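Undergrad: coordinates for the following, if possible.
(chains A, B and C)
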Amino acid sequence: MELVAFVILTTMALVSGLVVIRHRNKVVAALALAGNLVSIAGFYLLINAQFLALLQIIVYAGAIMVLILFVIMLLNLPDESRRPGVGGIQGVLGVLLAVAFVVILGMALYNATEGSSFPAATGEFGTVESVGVTLFTNFFYAFEAISLLLVVAMIGAVLLAKRRL
Amino acid sequence: MLDLIWLVPLLPIIGVVINGFFGRKMTLKAVGLVACTVVGLSFLVTLGAVWQLAQMDPGARAHEVILMTWIPVGSVNGNEILINWGFRLDALSAVLALVVTGVGFLIHVYSVGYMSHEPDYARFFAYLNLFMAMMLTLALGNNLLVLFVGWEGVGLCSYLLIGFFYDRPFDERTGLTCADAGRKAFIVNRIGDLAFLIGMLYIAFFFGTLNFSELPEALGHGSASGALLTGIGILLFIGACGKSAQIPLYVWLPDAMAGPTPVSALIHAATMVTAGVYMVCRMSTLYNHAPEAAAIIASVGALTAIFAATMGICATDIKKVLAYSTVSQLGFMFAAAGVGAYVAAMFHLMTHAFFKGLLFLGAGSVIHGMSGVQDIRKMGGLKEKMPTTYWTFGIATLAIAGIPFFAGFFSKDEILAGAWNSGNKVIWGILVAAAFITAFYMARLTYLVFFGKYRGDQKEWDHAHESPRSMTIPLTILAILSAVGGFIGIPKVLTGGKDINFFHHWLEPVVASGGGAHGGEHGAEVAHSAGVELLLVLVAVIVASLGIFLAWNIYKTAGRSERLAKAAGPIYNLVRNLYWVDEFYERIILRPFYRMSAMFTAFDKWVVDGLVNLSGIAADITGQFVKLFQTGLVRNYALMFLLGVVAILFYLATI
Amino acid sequence: MGPQHYLLVSAILFALGVIGVLTRRGAIMILMSVELMLNAANLAFITFSRLHDQPDGQIFAFFIMTLAAAEAAVGLAIVIALFRLRETTEVDELNLMKW
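TA: This next block holds a predicted model:
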């Protein structure tokens, strides 16, 4: 059962990822990204991190994707042209390097965790309560800092996008 | 006062500092006052110190003041070498110090008047004081290395002072400037200095000390090989040749006349050139034990004496005649030292300072009065226009010719006696011939300048005048010294057997110490009778008088000298052109050297500079290449980023 | 399904994101590829958190999500400002800093 879900989710994630990076139409790419985010949320659920799964859908797929779609529609940009652009070698080299990257990284990660498996699922893992307690006690200062960061980002975004300062 | 002898070299330094830094803002009077005062004070301190020295017991007549430890070398070849910075006043250095400070003071006073029309007044006196300081360091140094410091220092000052009017041309034939003359002096000096340095190093290495207090004992030990001592003696003498203008390193002295006349008087007559003689006398113990080296010194000295004298016969520049005369007289001094008569050498050094200094200052007075003319063919009959200059110059001429009882008579006579007594009659003969020629050319000079009909331009004659008192007073003082200064060294034979030779007694302990088999005056005094010595004196007097008489007769009649010159033909030509020695050096030594220099210059320009430029060009090319990476596109930068990350990952994965 | 599988998926998604950053020309497309990369990293964090049974990894993923949100906001604001200036969002047009 778990295997089936895993395979389906993996396919979804990979396919939507490919669409994001290849499709010429920006809106299609944005929607594919949303699909990717949802499949990642599915992964989270499979691993028993239910709080973060929900968070992923609400914040990522719900807020960030909508924001991106807003901007795409606002700017009304044309589709990306077929021209290879500056330095065609850039793309080829990029792909090659990325492949090398994933090979090395993937193999490293795979071998590092060879043979190990997840421990038995406790009822405590991934609940709102456990995450919340850790967040507000151990990582209190980081929490405050990131709140400040959000305020700053908000101000920055408003300032940057103003037509007249 | 004895403990204050370190003041003697220091006081002129104060003069250098004041005149050197502030001289340009001071009045001429102030500059002259400062310069003369410091030298005068040095003279007084020296006088006081020597007075105290004279109270001491003759056997231990020496006082050293050590200022600081200079070079503690440590153990070398089994000896512990320690070189101090100290000053030593003993009988020998006392003579030189008194001569230097005394005559130096007079010349400083003279320069106040002589240089008053020249620009750079303060610079002149700064250099002159610096010279005094260096010369006194040389004279009073307590070891060979301090002496060498002074040695080099006077070489430097000689260069500075000869080239004082640095871009004034001084030789129309070759187009050289006074700066070139100064350079010539310095370079020729350097050649000698190298030999001196090597000799010093040998002494330090094999005998373990350079201090004058220890050297006589160390050298006189008898354990060192004769060849070593001879070698060192020759090396030191080569150094003396450079400094005191003996063959083959004398060529700088005639050209050194490019400097102002007081400089010629001080440096090239009275003090610097005598440094070589002083050094040889100081190392008398060494030469007593190295008879071959002493023989070489005597031969070179005698040869130089007669060689330079012949060149004086034909010279037409008043200063050049005196320059050749100086070289010749130095030859006398070295010949004396070479045969072991060190006291005679120092005696002649002293009297020579008096009369040669006087001659140069007198020549300067003549040049000053004649508005810069130096060619004696354009002079004549000046005795009416410049009486004081005339009679002081005349006294000096009589002194240098060896007429009794002037100063030069006693010293020259002692040299000749020493040469005869050492058994080397050939040297004696050469020196007598040189004395004859000396008398001849000096009489010639005096006659052509002061007597007869005036042969120059009317303009100069009208303007000719006696020099101011600041110049004539030193002339008078030196004339008095030239006249009576010899009496402190009267030989026994002239006093009817009474030994009142003060000078001899004063110096004897210093230069006769060390034993050795070289007779010199000692053994000689026993080996002959008073009659022989009286005969020698007579021969010297006759020779001198003959020379003067001959010169007078030749030049009295107009045209006679030209007829004689034409009759002598090629010989005259040879001597007139100074035996082509300068040209010889130029062709054989200097030209190949210039060619080699050109080669090295090319090497420097192309290889060395090329390498440096190459590194610059390489940096440039590298920059041009790296520049291509800055495309301005963020995507390219991201690609580079990824490349770096992959590389690091690869490294981390494979370690 | 052990952790290695999830990590493999994470690595592949990350590579896809990298390719997207390097090949895409529109600024917004690049931003979306960056989001892809961040998500892949998140997945890795969660996996390790589950592996060691600690909530720390989830906290970290939480922070990354917040940061991504802030970054997307500011980034899009910049894109809008750029569009106003240049009438295009293609990054190849922004090459004034070349040598």
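
Undergrad: helix, strand or coil for B:Val373?
TA: coil (DSSP: H, G, I helix; E, B strand; the rest coil).

Undergrad: residues in contact with B:Ile14?
TA: With contacts defined as Cβ atoms under 8 Å, 6 or more residues apart in numbering or on different chains, B:Ile14 is in contact with B:Val38. No exception for glycine: its C-beta is placed from N, CA and C like everyone else's.

Undergrad: which strand or helix spans it?
TA: helix B:7-22 (DSSP states H and E).

Undergrad: let me see the mean pLDDT of that helix.
TA: Mean pLDDT, helix B:7-22: 90.

Undergrad: and if you look at stretch B:209-225?
TA: Per-residue scores along stretch B:209-225 average to 79.

Undergrad: returning to that earlier point: which is the next helix or strand following the helix holding B:Ile14?
TA: helix B:28-55.

Undergrad: so what secondary structure elements neighbour that next one?
TA: Using 3 or more Cβ pairs under 8 Å, 6 or more residues apart in numbering or on different chains; DSSP states H and E, the elements in contact with helix B:28-55 are helix B:7-22, strand B:62-76, strand B:79-90, helix B:91-114, helix B:121-140.

Undergrad: off-centre distance for stretch A:141-153?
TA: 20 Å (Cα atoms, centre = their mean, to the nearest Å).

Undergrad: list the contacts of that stretch.
TA: A:Leu135, A:Phe136, C:Phe63, C:Thr66, C:Leu67, C:Ala69, C:Ala70, C:Glu71, C:Ala73, C:Val74.

Undergrad: show the buried residues in the residues you listed.
TA: The neighbour-count test (16 or more other Cβ atoms under 10 Å in any protein chain shown) applied to these identifies A:Leu135, C:Phe63, C:Thr66, C:Ala69, C:Ala70, C:Glu71, C:Ala73, C:Val74 as buried.

Undergrad: so how far is A:Ser147 from the third one?
TA: Computed with Cβ to Cβ, to the nearest Å, the distance linking C:Thr66 and A:Ser147 is 9 Å.

Undergrad: same check on the fourth one?
TA: C:Ala69 sits 12 Å away from A:Ser147 when distances are taken as Cβ to Cβ.

Undergrad: next one: the fifth one
TA: When Cβ to Cβ is the yardstick, C:Ala70 and A:Ser147 sit 11 Å from each other.

Undergrad: try the second one
TA: Taken as Cβ to Cβ, the spacing of C:Phe63 relative to A:Ser147 amounts to 11 Å.

Undergrad: about what we covered before: looking at the contacts of stretch A:141-153, which two lie furthest apart in space?
TA: A:Phe136 and C:Val74 (26.6 Å; Cβ to Cβ).

Undergrad: and B:Lys425, how many neighbours?
TA: Using other Cβ atoms under 10 Å in any protein chain shown, B:Lys425 has 10 other residues around it.

Undergrad: let me redo that: B:Phe131
TA: 26.

Undergrad: hang on, the earlier thing: buried residues in the helix holding B:Ile14, which are they?
TA: Buried-residue list, helix B:7-22, by 16+ other Cβ under 10 Å: B:7-16, B:18-20.

Undergrad: where's it relative to the chain centroid, distance-wise?
TA: With Cα atoms, centre = their mean, you get 22 Å for helix B:7-22.

Undergrad: for stretch C:32-45, same thing?
TA: Chain-centre distance of stretch C:32-45: 5 Å, with Cα atoms, centre = their mean.

Undergrad: ok, that stretch near chain A or not?
TA: Yes - using Cβ under 8 Å from any Cβ of the partner chain, we find that stretch C:32-45 touches chain A at C:Met32, C:Ser33, C:Glu35, C:Leu36, C:Asn39, C:Asn42, C:Leu43, C:Ala44.

Undergrad: hmm, that stretch touching chain B?
TA: No - using Cβ under 8 Å from any Cβ, stretch C:32-45 stays clear of chain B, with a minimum separation of 10.4 Å.

Undergrad: need the residue closest to the centroid of chain C.
TA: Nearest to the geometric centre of chain C sits C:Val34, at 2.4 Å (Cα atoms, centre = their mean).
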